[in-house]
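Asks: Fold the stuff below for me.
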Amino acid sequence: MNFFWAFLIGGAICVLGQLLMDVGKLTPAHTMSTLVVLGAIADGCNLYDPFIEFAGAGATVPITSFGNALVHGALEELHKDGYIGIITGIFKVTSAGISAAIIFSFIAAVFVKPKG
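Replies: You can find the predicted model right below:
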């Protein structure tokens, strides 16, 4: 049953993104930003952690989880280190994902020729 809910919830998040692009005529960058902000708002309202408990990978794999991680890290470090923790908490939780994006983008740029 866990796989079913993960598939259903993850698919619903992807459908929302597709609807934002098709119906809302948003660019992929605007759609991604919207989904990140929705995940951040959900975590700020303490709604994303129960969502992860229910949907598992269906909630942790889509881009909304990145917004969740940003806010979650910032709030965690805010309580631990004060206001400076807002800045350090964002990078502490998401540094692996950001580093991977930079490294793989560089590798792709080295080996792939642009069209045009």
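
Asks: Contact partners for Val37?
Replies: Gly67 (CB atoms under 8 Å, 6 or more residues apart in numbering). Glycine gets a C-beta too; all of them are placed from N, C-alpha and C.

Asks: Quick check, pLDDT for it.
Replies: Looking at Val37, its pLDDT is 95.

Asks: before we move on, which element is the most centrally placed residue in the chain in?
Replies: Centrality entry for the chain: nearest residue to the mean C-alpha point is Phe66, 2.2 Å, by CA atoms, centre = their mean. Assessed by DSSP states H and E, Phe66 sits inside helix 64-81.

Asks: could you check the angle helix 64-81 makes with the helix or strand following that helix?
Replies: Using DSSP H and E, the helix or strand that follows helix 64-81 in sequence is helix 84-111. With axes from the mean of the first three to the mean of the last three CA atoms, to 10 degrees applied, the angle from helix 84-111 to helix 64-81 works out at 140 degrees.

Asks: Could you give the average pLDDT over helix 84-111?
Replies: The average pLDDT within helix 84-111 is 88.
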